[in-house]
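Visitor: any chance you can model this:
(one chain, ligands or ions: 1)
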Amino acid sequence: MNLLLIQSQEHEKLPLAELKAVMDAENIEANINQLTPGLTLLENLDLETFNHSYKRLTDRLAYTHEVHQLIETTTLENLEKSVLNIDWSEFIKNNFVVRVKRFNSDIDTVKYERNIGGYILDNTPNIKVKLVGSDSYIRVVVFEDTVFLCVEKYKLNKKHFEDSKPHKRPFFHPGGMSPKLARCMVNLSRIKEGELLLDPFCGTGGMLIEAGLIGAKLVGSDINWKMKNGSALNLDFVGIKDYKTYKIDFKQLKMLEPADVVVTDPPYGISTTTGGVSTTIILEEFLDSLEGNLKKDGLIVLATPHYIDINPIMNEKGFKILEHYEIKMHRSLTRIISVIIKI
Ligand SMILES: C[S@@+](CC[C@H](N)C(=O)[O-])C[C@H]1O[C@@H](n2cnc3c(N)ncnc32)[C@H](O)[C@@H]1O
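Guide: Model (predicted):
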């Protein structure tokens, strides 16, 4: 079985990196074939676990817009014949809509939607077209001369990333990260459902919310009372229950059980307070504080500003950077997202 993914093109590497990380975390085996930026095929997924894998991808991914089950691959020339040969009653119960998206092609998408819809109606009894709110969404992707005929079984919750922006939560404080990037960082940690995530600089709880929504257990701590209480308020607001938050300096934190992963955005002096301590020292002390608080081989996903070179700190403290991504936030700030492990 194959899936076709329409991915975000806002970053060159993150959509694919996030996909690979979620596949690792969810034990999804497939051949990843990026056809062009924004369009990726997952080939040869296991039939028995297909639905579960498909669902988990849609539950977790942030930098992917749509995930579709591939029904058939054809060409523009053979399109009519291919559509007429498919038993659409397998994919459409009562009503459907066809939507065409093109990559590296200048076909008239509206004309193709109408034609394909017509061919489907011709060979399938008792179904209707319903443009809004249909129960089957037939997605057709035209990439150059190749046509992918797909059906969408599970939708990604793109609305969540809009609706839960930091200023729309009950507790707001400047410096919070977008839910989309926070989710991506959580995914890069390869956390699994039921595992424990620690954010020792939890602020308004952005990382905790995203990890909680995919089924992780959570510990968040912050030196500031307002953040400790505010992050709890934000977690309650989205209905997350399996969490603990503490008011504590990260240097004093002693976890009852070590976390499986740490995902965090430490303070670095622009919009969040560092108490006058340099970010380099904070990072060194942060790495020291993981001893006993993070499981052996547990991954750390860290956001840092571009003007701090974390390489010497990692070398000195015996950590290795496995992945590194640069995200331009605005003219004077590029965020670096690193996936790190203790050697
Ligand atoms: C960049 S913010 C984290 C933002 C967070 N990701 C969010 O979604 O709101 C850094 C946080 O570190 C906290 N902090 C600063 N020094 C600390 C320390 N020594 N121990 C624990 N937390 C500290 C600050 O209060 C601030 O909330």
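
Visitor: quick one, phi/psi of residue 144?
Guide: Dihedral pair for residue 144: phi 50, psi -120, per degrees, to the nearest 10.

Visitor: can you tell me which residues contact it?
Guide: Contacts of residue 144 were listed using C-beta atoms under 8 Å, 6 or more residues apart in numbering, and they are 103, 104, 105. Every C-beta, even on glycine, is put in place using the N, C-alpha and C of the backbone.

Visitor: rerun that using 7 Å as the cut-off
Guide: Going by C-beta atoms under 7 Å, 6 or more residues apart in numbering, residue 144 touches 104, 105.

Visitor: let the chain start at 3 from now.
Guide: Fine by me, first position is 3 from now on; the one you just mentioned is residue 146.

Visitor: quick one: low-confidence ranges for the stretch 53-202 of the chain?
Guide: For the stretch 53-202 of the chain, no stretch is flagged by pLDDT under 70.

Visitor: close to the ligand: what parts of the stretch 53-202 of the chain are there?
Guide: 177, 178, 179, 202 (C-beta under 6 Å from any ligand atom).

Visitor: got those residues as CSV, with neighbour count and secondary structure columns?
Guide: CSV is the format used below for those (neighbours: other C-beta atoms under 10 Å; DSSP: H, G, I helix; E, B strand; the rest coil):
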residue, neighbour count, secondary structure
177, 15, coil
178, 22, coil
179, 20, coil
202, 25, coil
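
Visitor: ok, of these, which one's closest to the ligand?
Guide: When those are compared for distance to the ligand (C-beta to the nearest ligand atom), residue 178 wins out at 3.7 Å.

Visitor: once you drop chain neighbours, what's closest to the closest one?
Guide: Using C-beta to C-beta, 6 or more residues apart in numbering and skipping the chain neighbours, the partner closest in space to residue 178 is residue 168 (3.6 Å).

Visitor: and the helices in the stretch 103-252 of the chain, which stretches?
Guide: All helices of the stretch 103-252 of the chain, identified by DSSP state H, counting those that start in this stretch, fall at 111-125, 160-165, 181-190, 208-215, 227-239.

Visitor: with respect to residue 326, which of these lies nearest?
Guide: Smallest distance to residue 326 across the helices of the stretch 103-252 of the chain (C-beta to C-beta): 10.8 Å, for helix 181-190.

Visitor: which strands or helices does that closest one pack on?
Guide: When contacts are defined as 3 or more C-beta pairs under 7 Å, 6 or more residues apart in numbering; DSSP states H and E, helix 181-190 packs onto helix 16-27, helix 208-215, strand 302-307.

Visitor: next, format these as JSON lines and append mean neighbour count, distance to the ligand and mean pLDDT.
Guide: Listed next are these as JSON lines, based on neighbours: other C-beta atoms under 10 Å; distance: least, C-beta to the nearest ligand atom, whole Å; pLDDT from 0 to 100:
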{"stretch": "helix 16-27", "mean neighbour count": "21", "distance to the ligand": "17", "mean pLDDT": "98"}
{"stretch": "helix 208-215", "mean neighbour count": "27", "distance to the ligand": "3", "mean pLDDT": "98"}
{"stretch": "strand 302-307", "mean neighbour count": "22", "distance to the ligand": "8", "mean pLDDT": "96"}
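
Visitor: export these to JSON lines and tack on distance to residue 133?
Guide: Formatted as JSON lines, those follow (distance: least, C-beta to C-beta, whole Å):
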{"stretch": "helix 16-27", "distance to residue 133": "29"}
{"stretch": "helix 208-215", "distance to residue 133": "31"}
{"stretch": "strand 302-307", "distance to residue 133": "41"}
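
Visitor: would you mind listing the buried residues in stretch 182-202?
Guide: Buried residues in stretch 182-202, counted by 16 or more other C-beta atoms under 10 Å: 182-194, 197-202.

Visitor: again with stretch 140-148
Guide: Buried residues in stretch 140-148, counted by 16+ other C-beta under 10 Å: 140, 141, 142, 143, 144, 145.

Visitor: among these, which lie within strands?
Guide: In strands, judged by DSSP state E, the following of the buried residues of stretch 140-148 are found: 140, 141, 142, 143, 144, 145.

Visitor: now the nearest residue to the last one once chain neighbours are set aside: how far from the ligand?
Guide: Nearest residue to residue 145, sequence neighbours excluded (C-beta to C-beta, 6+ apart): residue 105, at 4.5 Å. Applying C-beta to the nearest ligand atom, to the nearest Å, the value for residue 105 to the ligand is 34 Å.

Visitor: and residue 40, by the same measure?
Guide: 28 Å.

Visitor: need the contact list for that residue.
Guide: Counting by C-beta under 7 Å, 6+ apart, residue 40 has contacts 8, 9, 11, 105.

Visitor: try residue 192
Guide: Taking C-beta under 7 Å, 6+ apart as the test, what residue 192 contacts is 23, 26, 27, 301.

Visitor: at 10 Å instead, please
Guide: 22-28, 262-263, 300-301, 303, 341 (C-beta atoms under 10 Å, 6 or more residues apart in numbering).

Visitor: rewinding a little: for residue 34, find the nearest of the helices of the stretch 103-252 of the chain.
Guide: Among the helices of the stretch 103-252 of the chain, if distance is taken as C-beta to C-beta, the winner is helix 181-190, at 15.0 Å.

Visitor: okay, the angle between that closest one and helix 208-215?
Guide: For helix 181-190 against helix 208-215, the angle by axes from the mean of the first three to the mean of the last three C-alpha atoms, to 10 degrees is 60 degrees.
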